[in-house]
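> Predicted coordinates and the sequence they were generated for:
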Amino acid sequence: SQTIHQWPATLVQPVGSPLSLECTVEGTSNPNLYWYRQAAGRGLQLLFYSVGIGQISSEVPQNLSASRPQDRQFILSSKKLLLSDSGFYLCAWSVQGSQPQHFGDGTRLSIL
Amino acid sequence: GDSVTQMEGPVTLSEEAFLTINCTYTATGYPSLFWYVQYPGEGLQLLLKATKADDKGSNKGFEATYRKETTSFHLEKGSVQVSDSAVYFCALTHTGGFKTIFGAGTRLFVKA
């Protein structure tokens, strides 16, 4: 069966520090991959999606970036975090050309 | 563009009460419709789906019917439990599409 792993579960970082969140999927090949952010008490904001290795589409301009170095690995990064980057970050995958999406357990990021 | 509108929460009910969470959508063509549930501190899980008009999705006592004429996909449950307390998201996607449009989410509190 397919599983998705996200880590870390919780992260506290100072303003201006770098960020790297990792997501891996097991049990499937060539998935669509997604990064979302969920601000406290609010809905989901799609940040990035990828349909293949090295292919990244950005939905909103910001100081975050994403990379897909391997088929089932999706990384969210920042060189310098802002206070506004705080939130709950969710990774998800879906079968190519199909839905629904399957979500990881999320990373709660707090910026101090 | 496509959009999903959900009733604003929070919705507070007593155990064994009847639940309705309204969802309407705007989309071209015939999208697939979904309800996801997010329990505290976790990622989203697919609750149910419907892929064509008049389909009824059901799971764990929840059900929703795809109404093309009213562009709606309301979530219902006959008797809620405390364990149903969560945030519920209505969503749509087009066949073969790789992006899902999510509603803002509706928080449900069930009191014992």
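Noted; the coordinates are in hand. Only a predicted model underlies this, so the values are computations on that prediction, with no experimental measurement involved.

> Just give the number of residues close to residue B:24.
Residues lying near residue B:24 (other C-beta atoms under 10 Å in any protein chain shown) number 17. Heads up, the C-betas are built off the backbone N, CA and C, glycines and all.

> Could you report the pLDDT at it?
Residue B:24 is assigned a pLDDT of 97 by the prediction.

> May I ask which helix or strand encompasses it?
Here residue B:24, judged by DSSP states H and E, is contained in strand B:23-26.

> After that strand, which helix or strand is next?
In N-to-C order, the element after strand B:23-26 by DSSP H and E is strand B:32-38.

> quick check: mean pLDDT across that following strand?
The average pLDDT within strand B:32-38 is 96.

> List the neighbouring strands of it plus their orientation.
strand B:44-50 (antiparallel), strand B:86-93 (antiparallel) (DSSP bridges).

> Just name the most buried of the ones you listed.
Neighbour counts (mean count of other C-beta atoms under 10 Å in any protein chain shown) averaged over each of the strands paired with strand B:32-38 peak at strand B:86-93, with a mean of 24.

> moving C-terminal of that strand, what's the next helix or strand?
strand B:101-102.

> Give the pairing partners of that following strand; include direction for each.
Sheet partners by DSSP bridges: for strand B:101-102, these are strand B:86-93 (antiparallel).

> Which residues of chain A lie near chain B?
A:6, A:32, A:41-44, A:46, A:49, A:51, A:90, A:92, A:94, A:96-106, A:108 (C-beta under 8 Å from any C-beta of the partner chain).
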